[in-house]
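[1] My questions are about this predicted structure, shown below with the sequence.
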Amino acid sequence: MSDSTSPTSHASAPGQEMPAFPSLPHWLARWLEPWVRRLPAVRRMLQAQFRRVAEMLRRELHPYDQDPAVPKFLHLPAEGLPQEEVLRVLEGLARWEAPRWQEGYASGAVYHGDPEWMDFLHRVYALHSQSNPLHPDLWPSAAKFEAEIVAMVARMAGAEAAMREDPAARICGNVTSGGTESILMAVKTYRDWARATKGILHPEMLLPESAHPAFDKAAQYFGVRAVRVPVGPDYRADVDAMRRAITPNTILLVGSAPGFPHGVIDPIPELASLARERGIGFHTDACLGGFILPWAERLGYPVPPWDFRVPGVTSISIDTHKYGYAAKGTSVILYRTPELRRYQYFTATDWPGGLYASSTMAGSRPGALLAIAWAVMVHMGEQGYLEAARRILETAREIREGIEAIPELRVLGDPLWVIAFTSDQVDIYRVMDAMTRRGWSLNGLQRPPAVHIAVTLRHTLPGVARRFLHDLREAVEEVKAQPATEERMAPIYGLANSLPFRSIVDDMLHLYLDVLVPPME
């Protein structure tokens with residue numbers, strides 16, 4: 001399958017044009033790439049391009065470096081600063097950064113954000129700031145919080161119905177540090193399960209192209225081959241393509257509810273049935289949707305089956321720190337049976353320091369985040385989550401209809417509240433840059449070039465949806481009227497989307513991470 005390219009993609013700034021590469025099959029691009037990168041002209045062009053990108057990233061990611069009012073500490077001060085002075089610096093940074101997300105300019109990122117809500121979270125954290133679940137003898141409350149969070153989330157994910165229908169089901173799980181760790185734990189679990197029960201030493205998992213890259217991270221960490229399978233024209237997983245990709249080494253199939261890029265829900269029943277038929281695991285990644293879909297279903301929205309009520313679904317990940325409205329740093333990984341979950345655990349029996357056991361990646365964990373997730377769920381209750389979902393879904397419908405009314409834009413797939421849109425008439429990445437200049441923080445997508453907005457409670461505030469649509473119409477008109485200029489993210493996304501040679505894009509991402517936390521000078 002060849003990379004998607006856009007005829008309007010703006011790959012570089014004027015005066016530093018990237019050469020036009022043809023769209024190539026993946027296998028041919030991989031074969032050609034080492035040879036192309038050795039060409040002196042290409043090497044010079046890449047070096048110049050990367051220097052320009054690095055400078056732009058430095059300006060974007062480290063705005064405080066040029067502000068003399070913000071102190072900079074590259075070594076410990078000889079004398080520690082008074083607490084009041086430290087707090088003044090932190091309060092100043094918070095005041096500068098807060099308006100964009102508080103006023104609803106961010107896609108996702110902050111899912112609640114009400115000042116009274118944050119004060120509630122801060123008070124809970126203060127009460128349990130020293131708690132560590134690694135020491136349940138000192139903090140048995142941490143074990144209580146984790147067990148009850150798991151039980152509440154499991155019931156949201158159809159656990160009771162599943163256990164009525166399936167005598168072997170006893171839904172269980174753990175709290176992790178986020179969706180990525182939940183996915184890491186699931187992949188590690190299936191790897192060890194397949195090794196122990198099937199003797200599979202070279203495991204593979206099948207992922208729709210739209211599945212989260214956390215699965216690729218897990219594949220890299222745990223030695224599992226990740227096989228990406230093309231999605232259908234509706235951007236949902238292609239069941240027939242997944243079926244054809246299964247091998248004797250396949251240990252896991254994955255579906256998303258919904259997928260991050262396009263906000264659409266994969267055909268979970270068909271995929272899970274396929275996994276069950278072949279005797280392999282099936283994971284629903286509901287990190288984004290687990291706290292919306294149960295309530296959307298109650299509200300009468302068209303929600304296809306996705307949870308443990310679907311036979312064959314053997315694990316689910318759901319983030320409490322997104323639409324569960326807890327503080328950043330908690331998610332839940334659920335399994336259909338305790339027997340499967342045991343493959344997640346780590347134990348050490350011969351250490352001189354004593355017996356050691358941990359259920360997830362971390363040893364010490366912040367018990368305060370468990371306390372916050374528990375407190376938030378108990379405070380919100382079913383009615384609170386139902387009302388929050390209603391507001392988000394109604395606002396998302398208004399935004400989607402407004403985007404569809406802009407002739408130059410079209411919505412991808414059939415999303416409920418994570419709305420991706422593209423254009424065949426204007427460069428969508430330049431539209432994203434124009435929105436950035438208007439204060440918006442949106443998510444750029446690729447293959448095909450697109451932008452999405454994940455609607456949160458911040459967008460349900462009065463006037464935010466209208467402001468977004470007004471600014472989006474203006475941004476489209478601006479791009480139509482003005483020639484391409486030096487922009488913010490358009491060159492990077494244009495380059496990433498159009499290049500068939502992915503190691504160049506990989507180098508660019510490494511550059512981004514280097515600039516984010518630079519080496520010492």
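    All right, it came through fine.

[2] Show me the shaky parts of the stretch 251-400 of the chain.
    Along the stretch 251-400 of the chain, the model assigns pLDDT under 70 to no residue.

[3] That one: helices as residue ranges?
    268-278, 293-298, 338-341, 367-404 (DSSP state H, counting those that start in this stretch).

[4] What is the first one packed up against?
    Meaning helix 268-278. Packing partners of helix 268-278 (3 or more C-beta pairs under 8 Å, 6 or more residues apart in numbering; DSSP states H and E): helix 239-245, strand 250-256, strand 281-285. For the C-beta atoms, the positions are set from N, CA and C on the backbone; glycine is no exception.

[5] which residues are contacting it?
    Under the criterion C-beta atoms under 8 Å, 6 or more residues apart in numbering, residues 237, 239, 242-243, 246, 250, 252-253, 255, 257, 281-282, 284, 304-306, 310-314 lie in contact with helix 268-278.

[6] tell me the domain boundaries of this protein?
    Domain assignment for the chain, taken from automatic domain parsing, gives 1-103+423-521, 140-377.

[7] Span of the longest one from start to end?
    Same thing as domain 140-377. Taking C-alpha to C-alpha, to the nearest Å, domain 140-377 runs 19 Å from one end to the other.

[8] after the helix or strand of the chain with the lowest mean pLDDT, next one along is what?
    Lowest on mean pLDDT, DSSP states H and E among the helices and strands of the chain sits helix 490-498, with a mean of 59. Downstream of helix 490-498, the first helix or strand assigned by DSSP states H and E is helix 502-516.

[9] So what does the residue lying closest to R390 once chain neighbours are set aside have for phi and psi?
    Of all residues not flanking R390 in the chain, L299 sits nearest, at 5.7 Å (C-beta to C-beta, 6 or more residues apart in numbering). Note on L299: backbone dihedrals following degrees, to the nearest 10 are phi -80, psi 0.

[10] Please look at L299 and R391 and confirm they touch.
    No: when contacts are counted by C-beta atoms under 8 Å, L299 is not listed as touching R391 (10.7 Å).

[11] Helix or strand: which one has F421?
    Using DSSP H and E, F421 falls in strand 418-422.

[12] Let me see the mean pLDDT of that strand.
    When pLDDT is averaged over strand 418-422, the result is 98.

[13] Same question for stretch 53-71.
    87.

[14] Tabulate the CA atom coordinates of it in CSV.
    What follows is stretch 53-71, C-alpha atoms only, in CSV (Å, rounded to 0.1, in the frame of the first residue of the first chain):
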residue,chain,number,x,y,z
VAL,A,53,12.9,22.6,11.6
ALA,A,54,15.0,22.5,14.8
GLU,A,55,15.0,26.3,15.0
MET,A,56,11.3,26.5,14.5
LEU,A,57,10.8,23.8,17.2
ARG,A,58,13.0,25.7,19.6
ARG,A,59,10.9,28.8,19.2
GLU,A,60,7.7,26.8,19.6
LEU,A,61,8.7,24.5,22.5
HIS,A,62,10.9,26.9,24.6
PRO,A,63,9.2,30.3,24.5
TYR,A,64,10.5,31.1,28.0
ASP,A,65,14.1,31.0,26.9
GLN,A,66,13.9,34.5,25.4
ASP,A,67,11.9,35.9,28.3
PRO,A,68,14.2,37.6,30.9
ALA,A,69,11.3,37.7,33.4
VAL,A,70,11.4,33.9,33.7
PRO,A,71,14.3,32.6,35.7
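
[15] got the buried residues for it?
    V53, A54, M56, L57 (16 or more other C-beta atoms under 10 Å).
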